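Undergrad: coordinates only, no sequence provided:
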DNA sequence: TATACAATCGCACATTCGTGGTATATTCCA
DNA sequence: TGGAATATACCACGAATGTGCGATTGTATA
């Protein structure tokens, strides 16, 4: 998806960063770079989203992850919804892997650390335009860790196989009566199992149990 | 988590790769590298897992993703279950992003392309030992895309904001009565909303709705 | 061998759900 | 201006759930 830019056809970039000073530094750097143009600088997602309604969407948005008002993660969602082809690079500080992770999930293409040299931002933009994902090794690792922790078998509440089997069927929208028929059990048995499941999961409703199953990847 | 190795204290590496020729090439390269030792070369996960029962687990396993018998993805799970501290690097071919993705989810630390120069493998091992995740930019991007596609495809059933709000509370295990209190609404109103939610989601039970919410990433 | 655990089955009863109706006020848009 | 959509509210009733008590079998396993 690489594009070639002449001086006349520059890649359009928007900045969303509430630190005016940092924003200005970045904007200048971008405009000094051949093939790039910083079209707008905003201090909030709201402003940028408003502008997006009446302007050509940019190729790239550099988006601060910790903004007042609508934060960067929510911002990514909205930008992506309004203009899916726009690439978003998060600006973030150290030790914010949760937010980075969420932003990536929401559709961000990568991120750069604010305290790295501003030139890195230019590199990151080039990388994104070339179809890459700016992410250093240690952060890729962090992301994978979080990823794994989300996808891998999680909390075990000591559910027995039978309980898991029944819970699985309940999760899929079945009723106790139907499950009893399906497993050739008495309704009372299913009832008892479900009672024990509730105790183990510490919930009092089926929806709570189902929710827990998905949130913590049980079964 | 970086470790320093003297010649006496080499990092132990295992290979699991059914192509004997490639396995041999890698093993030689590893043994020529200071601080690394290829302890075993297997042609199947089963063999390697068996050996793991009676041997010190290695620091790193290079694992072919497309093996006969137990495939690499399943292999990762088993290795990780038996020895969580072992780092696993997948050996893969191009255009196998699904498997790479699954392997990463299962706990792999990164991967390298088989057709890249074998020296890359050494670099990847060093990177993993240093706490990184060997993944080039374009593959990080692929992973994120898959990631996003798993996390993002929000089916839209035309739920209104109010309906979403109520559904969100129900999902968390609340009851209609409590929600009514919480939102300063009549029980009947909540009831009506939920009725409409069921119609829109085409379900007849709360568990079915909750399940749909998680499966299709609504809300 | 004793005992803990899992799986099975039972009853009763209050609570909550699911679903069929109907109805009013507001807002938005054609 | 006049529907369409949304949010609000009410009623009734059978069905299902949640939870309090039990009980009897096996099967491990300490």
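TA: Received, thanks. Bear in mind the structure is a predicted one, so any value in this text is a computation, not a measurement.
Undergrad: not counting sequence-adjacent ones, nearest residue to the residue lying farthest from the centre of chain A?
TA: Note on chain A: the largest C-alpha distance from the chain mean falls to residue A:186, namely 44.5 Å (C-alpha atoms, centre = their mean). With sequence-adjacent residues excluded and distances taken as C-beta to C-beta, 6 or more residues apart in numbering or on different chains, residue A:186 is closest to residue A:180, at 6.1 Å. (Each C-beta comes from the backbone N, C-alpha and C, glycine too.)
Undergrad: do the same with residue A:42
TA: residue A:48 (4.3 Å).
Undergrad: same thing with residue A:49?
TA: residue A:78 (5.6 Å).
Undergrad: and the helix or strand hosting residue A:180, what's its mean pLDDT?
TA: Element membership for residue A:180 (DSSP states H and E) is helix A:176-182. Helix A:176-182 carries an average pLDDT of 92.
Undergrad: after it comes which helix or strand?
TA: Heading C-terminal from helix A:176-182 (DSSP H and E), you reach helix A:187-201.
Undergrad: re the thing from before, what does the helix or strand hosting the residue nearest to residue A:49 rub up against?
TA: Assessed by DSSP H and E, residue A:78 sits inside helix A:72-82. Applying C-beta atoms under 8 Å, 6 or more residues apart in numbering or on different chains, the contact partners of helix A:72-82 are A:16, A:45, A:48-49, A:52-53, A:57, A:61, A:63-67, A:70, A:86, A:88, A:90-92, A:99, A:102-103, A:106-108.
Undergrad: just the ones in strands from those, please.
TA: A:16, A:61, A:63, A:64, A:88, A:90, A:91, A:92 (DSSP state E).
Undergrad: hey, what's the fourth one bridged with?
TA: Looking back up the chat, that one is residue A:64. Note on residue A:64: beta-bridge partners residue A:91, judged by DSSP bridges.
Undergrad: hang on, it packs against residue A:20?
TA: No: with contact defined as C-beta atoms under 8 Å, residue A:64 does not reach residue A:20; the gap is 11.7 Å.
Undergrad: same drill for those two, tell me which one is more crowded.
TA: Using other C-beta atoms under 10 Å in any protein chain shown as the criterion, residue A:64 and residue A:20 rank with residue A:64 on top: 25 against 10.
Undergrad: what's the spacing between that one and residue A:201?
TA: 39 Å (C-beta to C-beta, to the nearest Å).
Undergrad: repeat that for residue A:210.
TA: 10 Å.
Undergrad: more neighbours: which of those two?
TA: residue A:210 (27 against 21).
Undergrad: and the more buried one, how far from chain B?
TA: 4 Å (C-beta to the nearest C-beta, to the nearest Å).
Undergrad: and that residue, how far from residue B:202?
TA: 17 Å.
Undergrad: residue A:172 too?
TA: When distance is defined by C-beta to C-beta, residue A:172 is 14 Å away from residue B:202.
Undergrad: who has more neighbours out of these two?
TA: residue A:172 (14 against 10).
Undergrad: show me what contacts the more buried one?
TA: Counting by C-beta under 8 Å, 6+ apart, residue A:172 touches B:207, B:208, B:211.
Undergrad: go through these and flag which are in helices.
TA: B:207, B:208, B:211 (DSSP state H).
Undergrad: for the record, mean pLDDT for stretch A:185-203?
TA: 93.
Undergrad: which other residues reach it?
TA: A:157-159, A:162-163, A:166-167, A:170, A:176-177, A:179-180, A:183, A:204, A:206, A:208-209, A:212, B:173.
Undergrad: ok, it near DNA strand C or not?
TA: Yes: between stretch A:185-203 and DNA strand C, judged by C-beta under 7 Å from any atom of the strand, the touching residues are A:185, A:186, A:187, A:188, A:189, A:191, A:192, A:193.
Undergrad: same question for stretch A:51-58.
TA: No: remark: stretch A:51-58 sits outside contact range of DNA strand C, by C-beta under 7 Å from any atom of the strand, the gap being at least 14.0 Å.
Undergrad: quick one: end-to-end length of that stretch, please.
TA: As for stretch A:51-58, its first-to-last residue distance stands at 11 Å under the measure C-alpha to C-alpha, to the nearest Å.
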